[in-house]
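all I have is the shape, not the residue letters:
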């Protein structure tokens, strides 16, 4: 089997519920996807064991539980009660990953998306130390569960804490690699990194999950990104996991606003998924 390719149901739905997965998973399998990301916006949106059975029935693997960080979920510069609630949520994500068989919990597991503030170098160093302290119990539980956290740097408009691979590696220093690594997302890398290939090389040995989309969040290939270089760099950096297509729909009010998707990114959401899959298959065959 070649490189597994997955998709995120956010392409069509938010929140992703049991009903949304029951509708989406069979179509992903029919189109030829290998894996599915499982966003967990709130505990209880979907039931892990039935979802695991649904995926198995259709021959799909759980690529990752995707942690969602709305306002009020923070592990940095936050009130103790907020930190505890955020830790509890992330521990729930770890439990859901273990129950579904997902190898990672991926996402910006440090601060609410959209929360930005200025920091001096000393303040940034202190914020990273605080984040490591508060994330450590979640990492410990992940290791015990056989799950790895995948920390996703986001673009400058969505966070001021971790924007680049380099910053994320600095922030991770001291946390066990078997429990926590990086999640790379081509959308954010295109904004923040000087080179997609260079960022992958810098993250070598610590890449735990990879999300892909075009530079405008549309289908991979309908863009200007260096896909040949990026796809060659991943195995050279030691990454053998799935490539997961993450995009969003402009037709869902909550996710359109959260992801700043103001227009359709393809002829249809189905076309976004199937065109992206076809491009990635061809590009992987040619690399």
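That came through, no problem. Remember, predicted model here, so these are calculated numbers, not experimental data.

going forward, measure contacts and count neighbours with C-alpha atoms only.
OK.

buried stuff in the helix or strand hosting residue 138?
Using DSSP states H and E, residue 138 sits within helix 121-145. Of the residues in helix 121-145, 124, 127-132, 134-136, 138-143, 145 count as buried by neighbour count, 16 or more other C-alpha atoms under 10 Å.

what are the pairing partners of whichever helix or strand comes after it, and which direction each?
Sequence-wise, the next helix or strand downstream of helix 121-145 (DSSP H and E) is strand 148-151. Strand 148-151 sits in its sheet next to strand 104-107 (parallel), strand 180-185 (parallel), going by DSSP bridges.

all strands of this structure, in order?
For the chain, the strands defined by DSSP state E occupy 5-7, 35-40, 61-67, 104-107, 148-151, 180-185, 207-212, 243-245.

for the third one, name the packing helices and strands.
Of the remaining helices and strands, those touching strand 61-67 by 3 or more C-alpha pairs under 8 Å, 6 or more residues apart in numbering; DSSP states H and E are strand 35-40, helix 48-57, helix 80-100, strand 104-107.

export the ones you listed as JSON lines, with columns for distance to residue 114.
Below are these laid out as JSON lines (distance: least, C-alpha to C-alpha, whole Å):
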{"stretch": "strand 35-40", "distance to residue 114": "18"}
{"stretch": "helix 48-57", "distance to residue 114": "28"}
{"stretch": "helix 80-100", "distance to residue 114": "16"}
{"stretch": "strand 104-107", "distance to residue 114": "14"}
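
deepest-packed of the ones you listed, please.
Burial of those is given as mean neighbour count (mean count of other C-alpha atoms under 10 Å); strand 104-107 ranks first at a mean of 29.

contacts for that one next, please.
Strand 104-107 is contacted by residues 63-68, 93-94, 97, 147-152, 183, 208-209 when judged by C-alpha atoms under 8 Å, 6 or more residues apart in numbering.

could you redo the last one with a cut-off of 7 Å?
64-68, 93-94, 97, 147-152, 183 (C-alpha atoms under 7 Å, 6 or more residues apart in numbering).

run a quick check on residue 65 versus residue 36, I expect a contact.
No: between residue 65 and residue 36 there is no contact under C-alpha atoms under 7 Å: 9.2 Å.

nothing else from me, thank you.
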